[in-house]
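> Sequence plus the predicted model coming up.
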Amino acid sequence: MTAEVTQLWRHPIKSHGREAVQTVTVIPGQTMPGDRVWAVAHEASKADGSDWVPCANFSRGAKAPQLMAISARSSGDTLTLSHPDRPDLTFAPDSEQQAFLDWVKPLMPADRAASARIIRVPGRGMTDSEYPSVSLCNMASHRAVSQKLGQELSPLRWRGNIWFDGLPPWEEFDWLGRDVRIGGTIFRVRERITRCLATTANPDTGTRDADTLGSLQTWGHQDFGVYAEVQEGGAISVGDKVDLL
């Protein structure tokens, strides 16, 4: 069977918006360019931008489902964020943080730590993995979850980077420790991605409406997609072939 790339997504601010791209050039040992460049530390966080820290230090969709409905558009040093319940916001994350904090406040639950500041760690994206990773997601696995739930789900729930189609469901879990060629690049697949409550929220509305985690448990796990590291850099485009080496 032949697999090919069907979608490419980056998430400029961790948990705060997704952006589709048609082509991307990846670099060994780095995250997808433009992906999770920034993260939003909450008022109880110890994150200061000096190093990678776990996701519990940040405002995220698992605790604030309304964040899942944010989309993003990049333009130079600025971002435009959109949400169905908020006016669009165009701002520079490195220098106009207060405008963002005011914009996002109505989307945050009152019983959760409030968003306090935007941070970035020079040279790497703030992935959930402590190593710079790119997530690979299988459309067939996504369809299997949708069918199990009996409802149409958006793939945006999984916040993946590289989506491919043409392989059986869950075949990506057999890739651990193997190399995969995607377009002009080679990735080493490191681990399965264990999922959280963020995936239960509808990315169009920001409301929790699907028991994605319960569905995954019918296969005996709570995993969707795999984390991979860039071994050989190059360009990836929608339509490129995906080959297990």
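On my side now, so go ahead.

> what separates the helix or strand hosting residue 230 from the chain centre, distance-wise?
Assessed by DSSP states H and E, residue 230 sits inside strand 223-232. Average the C-alpha atoms of strand 223-232, do the same for its chain, and the two points are 12 Å apart (C-alpha atoms, centre = their mean, to the nearest Å).

> neighbouring contacts of it?
Residues outside strand 223-232 that contact it (C-beta atoms under 8 Å, 6 or more residues apart in numbering): 26-30, 127, 129, 131-138, 141-142, 145, 158, 160, 172-173, 175-176, 179-180, 185-195, 199, 212, 216. Every residue, glycine included, has its C-beta placed from N, CA and C.

> Can I get the buried part of these as one PyMOL selection?
Selection of the buried residues among the contacts of strand 223-232 in PyMOL, burial being defined by 16 or more other C-beta atoms under 10 Å:
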select buried, resi 26+30+127+129+132+133+134+135+136+137+138+141+142+145+158+160+172+173+175+180+185+186+187+188+189+190+192+193+195+199+212+216
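
> ok, back up a step: what mean pLDDT does the following helix or strand past the strand holding residue 230 get?
Sequence-wise, the next helix or strand downstream of strand 223-232 (DSSP H and E) is strand 234-237. Over the span of strand 234-237, the pLDDT mean works out to 98.

> residue ranges with poor pLDDT in this structure?
For the chain, applying pLDDT under 70 flags the ranges 1.

> Residue 234 contacts residue 25, correct?
Yes: using C-beta atoms under 8 Å, residue 234 and residue 25 qualify as a contacting pair, with a distance of 6.7 Å.

> rewinding a little: which strands border the strand holding residue 230, and is each parallel or antiparallel?
Each strand paired with strand 223-232, and its direction, by DSSP bridges: strand 134-138 (antiparallel), strand 185-194 (antiparallel).

> The ones you listed: which one's closest to residue 87?
In terms of C-beta to C-beta, the element of those nearest to residue 87 is strand 134-138, at 30.4 Å.

> ok and the following helix or strand past that closest one relative to strand 223-232, angle-wise?
The C-terminal neighbour of strand 134-138 among helices and strands, as given by DSSP H and E, is helix 139-149. Orientation check (axes from the mean of the first three to the mean of the last three C-alpha atoms, to 10 degrees): helix 139-149 against strand 223-232 gives 170 degrees.

> So for the most centrally placed residue in the chain, what's the nearest residue that isn't a sequence neighbour?
Centroid check for the chain by C-alpha atoms, centre = their mean gives residue 159 as the closest residue, at 3.3 Å. The spatial neighbour of residue 159 that comes closest, neighbours along the chain excluded (C-beta to C-beta, 6 or more residues apart in numbering), is residue 11 at 6.1 Å.

> How about residue 167?
Leaving aside its chain neighbours, residue 167 sits nearest to residue 3 (4.8 Å; criterion: C-beta to C-beta, 6+ apart).
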